[in-house]
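[1] build me a model:
(chains A, B, C and D)
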2 protein chains.
Amino acid sequence: MEVKTITACCDGLLAAPLGEAAAEDLAAAFKVMADPVRLRLLSIIAAQGETCACNLTAPLGKSQPTISHHLSVLTDAGLLHREKRGKWAWYSVAPDRFAVLRDALSGTPDLVRR
Amino acid sequence: MEVKTITACCDGLLAAPLGEAAAEDLAAAFKVMADPVRLRLLSIIAAQGETCACNLTAPLGKSQPTISHHLSVLTDAGLLHREKRGKWAWYSVAPDRFAVLRDALSGTPDLVRR
DNA sequence: AGTTCATATCGACGGATGTCAATATCGACG
DNA sequence: CGTCGATATTGACATCCGTCGATATGAACT
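    Reported below is the predicted structural model:
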């Protein structure tokens, strides 16, 4: 994946026909969320607060490199914050970036209905 | 893609560690949104209301089969509604399904902050 | 029936992506 | 300094997915 930090801005899908560039950015943001392992990592870290990577390999049944890779994708996208303390890497949720996705979905989808 | 109708339910990513099956469902839902062409299709149809497929091929610069494919993916996921009238296919946004995604993101991401 | 036009399906190709084993990096500790 | 332990990186492989040309389906109209 290796997605850059999410920068897409948009006031909902329904605000105006999405330009090519904006659509590309938004799609990249959604792509980060479009993996079950990443979603579970997010949910675990969010539930536990700051979490050591050493506690994340076991529960998901994936190899250590795979988990490390997904944590990098999430961190690069700005959804997680990584802090290395000694031998260990501590991850926490960086809630700000979720707004981009939420805004895209919260535009007016309900208003269209009628 | 060929994703079934979205059925994932979840009260936000932070509610509880996502199970394997729930994560799979949610990821599939996000995957549908993780394509720039599909996002632009959604935004155009949402802006115009019911839209003929014949008006969707040109503005995106993709081939007719490609657009047809994306429209099918969106329809199968329950995000669009298709109605064939005579020779033409009319698409409209089916806002209900967006709730799944919105709920996943609206859990508590802001509360985690502090 | 035959033609034309709009849309869907099929088959194939290429690039992206998730996965793992092997290896590299780097801090801690003796 | 040398080893161990935790995490990151690399390289390779298989699968998935977006794309298109070609073709099929089916409606309208002569």
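[2] residues near A:Ala99, how many?
    15 (other C-beta atoms under 10 Å in any protein chain shown). Every residue, glycine included, has its C-beta placed from N, CA and C.
[3] relative to B:Phe30, how far out is it?
    16 Å (C-beta to C-beta, to the nearest Å).
[4] so where do the strands sit in chain A?
    For chain A, the strands defined by DSSP state E cover A:51-52, A:80-85, A:88-93.
[5] partner strands of the last one and their direction?
    Strands adjacent to strand A:88-93 in the sheet, as given by DSSP bridges, are strand A:51-52 (antiparallel), strand A:80-85 (antiparallel).
[6] point out the most buried one among those.
    Mean neighbour count (mean count of other C-beta atoms under 10 Å in any protein chain shown) peaks for strand A:51-52 among the strands paired with strand A:88-93, with a mean of 16.
[7] and the gap between the residue positioned nearest the centre of chain A and A:Phe30?
    Taking C-alpha atoms, centre = their mean, the centroid of chain A lies closest to A:Leu79, which sits 4.4 Å from it. With the distance defined as C-beta to C-beta, A:Leu79 ends up 12 Å from A:Phe30.
[8] to DNA strand C, which of the strands of chain A lies closest?
    Nearest to DNA strand C, of all the strands of chain A, is strand A:80-85, at 7.1 Å by C-beta to the nearest atom of the strand.
[9] what about chain A, any weak spots by pLDDT?
    By pLDDT under 70, the weakly predicted segments of chain A are A:1-16, A:107-114.
[10] now the strands of chain A in TSV, with distance to B:Pro17?
    As requested, the strands of chain A are exported to TSV (distance: least, C-beta to C-beta, whole Å):
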stretch	distance to B:Pro17
strand A:51-52	11
strand A:80-85	16
strand A:88-93	13
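[11] A:Thr66: neighbour count?
    13.
[12] give the closest residue to it in space, chain neighbours not counted.
    A:Val37 (7.3 Å; C-beta to C-beta, 6 or more residues apart in numbering or on different chains).
[13] what of A:Thr75?
    Closest to A:Thr75 by C-beta to C-beta, 6+ apart is A:Arg82, at 5.0 Å.
[14] enumerate every residue touching the one you found.
    Taking C-beta atoms under 8 Å, 6 or more residues apart in numbering or on different chains, we find A:Arg82 in contact with A:71, A:75, A:89-91.
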